[in-house]
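# everything below, folded, please.
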Amino acid sequence: MANMRSKFLGVLAAALLGAAPAAADEIKVLSAGAFLQVLTAMTPDFEKRTGHKRAVTRGTVGQLMKRVEEGEAFDLVVVTPAGIEKLIAAGHVAAGTAKPLARVGIGVMVKEGAVKPDVGTVEAFKKTLLAAKSVSYIDPKSGGSSGIYTAQLLERLGIADQIRPKEKLKQGGHVAELVISGEAEIGVQQISEIIPVQGVAFAGPLPKEIQNYTVYAAGIGAKAARAGAARALLETLVGPGAAAELKAKGMEPPG
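Residues are numbered from 1 along each chain as shown. Sure, this is the predicted structure:
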């Protein structure tokens with residue numbers, strides 16, 4: 001009887017050990033700022049289900065590309081599809097791991113409580129910028145997608161010279177910070193970096209004739225120390241719950 005009991009306990013212990021989850025890992029993620037809100041929103045459920053944690057470094061696409069190319073270790077990186085392909089070619093991202101995540105357009109913001117300007121047409125958008133005392137967007141030199149496009153757009157619209165003396169360039173991060181502080185009356189940035197931020201009001205997207213969408217994609221590091229955990233996180237980011245979070249944060253599926 002004692003022998004049978006001992007065998008039963010041995011089988012039970014083996015079953016429990018077999019059911020135990022794998023050791024939790026801390027996944028090192030390098031993420032473009034525009035996707036960070038979605039990543040943050042989807043992480044708690046992922047961490048609860050898997051036991052894994054994530055440590056995120058935010059930056060512009062240009063800043064993150066530079067960090068990776070200079071040899072910084074990472075498990076998962078979120079940049080543009082072109083950036084991912086470049087990193088695969090250079091051996092920094094594992095081939096076959098790239099997945100498109102989302103796309104986002106550019107919008108206009110003002111401080112919460114301020115009158116929302118008209119940006120519904122190209123002409124109205126131009127008049128709004130010209131009438132503003134100050135305008136902020138991401139410094140193109142920092143490698144931010146929205147800043148690069150905005151600078152090009154101002155040139156294309158023929159108002160760059162008039163805006164330049166009153167522009168407040170942000171070196172990555174949220175343009176909203178300058179709008180909230182009062183340093184900038186109008187802010188232009190990707191919609192996903194406007195809608196979730198308290199203290200600013202979304203005035204509207206750029207008119208469709210001049211709208212620009214940036215697509216974001218992710219890839220797993222070729223030398224990722226936690227490749228399995230990074231793969232699990234990536235599958236969550238493209239899973240069934242992603243669409244609702246994208247919409248809530250001002251983004252949409254990549255199409």
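# next structured bit after the lowest-mean-pLDDT helix or strand in the chain?
Lowest mean confidence among the helices and strands of the chain (mean pLDDT, DSSP states H and E): helix 2-19, at a mean of 42. Next helix or strand after helix 2-19 toward the C-terminus (DSSP states H and E): strand 26-32.
# got a list of contacts for stretch 104-114?
The contact list for stretch 104-114 (C-beta atoms under 8 Å, 6 or more residues apart in numbering) reads 34, 116-117, 119, 125, 128, 146, 149-150, 175-176, 179-180, 182, 185-192, 194, 198-206, 211-214, 216, 250-252. Yep, even glycine has a C-beta here, placed from its N, CA and C like the rest.
# narrow those residues to those that are buried.
By neighbour count, with 16 or more other C-beta atoms under 10 Å, the contacts of stretch 104-114 hold 34, 117, 119, 125, 128, 146, 149-150, 175-176, 179-180, 185-192, 194, 200-206, 212-214, 216, 250-252 as buried.
# tell me where the model's unsure across the stretch 51-200 of the chain.
Nowhere does the stretch 51-200 of the chain drop to pLDDT under 70.
# how about the strands in it?
In the stretch 51-200 of the chain, the segments counted as strands under DSSP state E, counting those that start in this stretch are 53-59, 76-79, 99-104, 106-111, 135-138, 167-170, 186-190, 200-205.
# just the angle between the third one and strand 186-190, please?
What it means is strand 99-104. Interaxial angle of strand 99-104 relative to strand 186-190 (axes from the mean of the first three to the mean of the last three C-alpha atoms, to 10 degrees): 160 degrees.
# for Ala90, see how far away the spatially most central residue of the chain is.
Residue closest to the mean C-alpha point of the chain, counted by C-alpha atoms, centre = their mean, is Phe35 at 1.6 Å. With distances taken as C-beta to C-beta, to the nearest Å, Phe35 is found 22 Å from Ala90.
# can you check Ala32 too?
18 Å.
# same check, this time on Gly96
Distance, Gly96 to Ala90, by C-beta to C-beta: 16 Å.
# more neighbours: which of the two?
Taking other C-beta atoms under 10 Å, Gly96 and Ala90 do not tie; Ala90 has more neighbours (12 against 8).
# need the nearest residue in space to that one, chain neighbours excluded.
In this structure, Ala90 finds its nearest non-sequential neighbour in Glu69, 6.9 Å apart by C-beta to C-beta, 6 or more residues apart in numbering.
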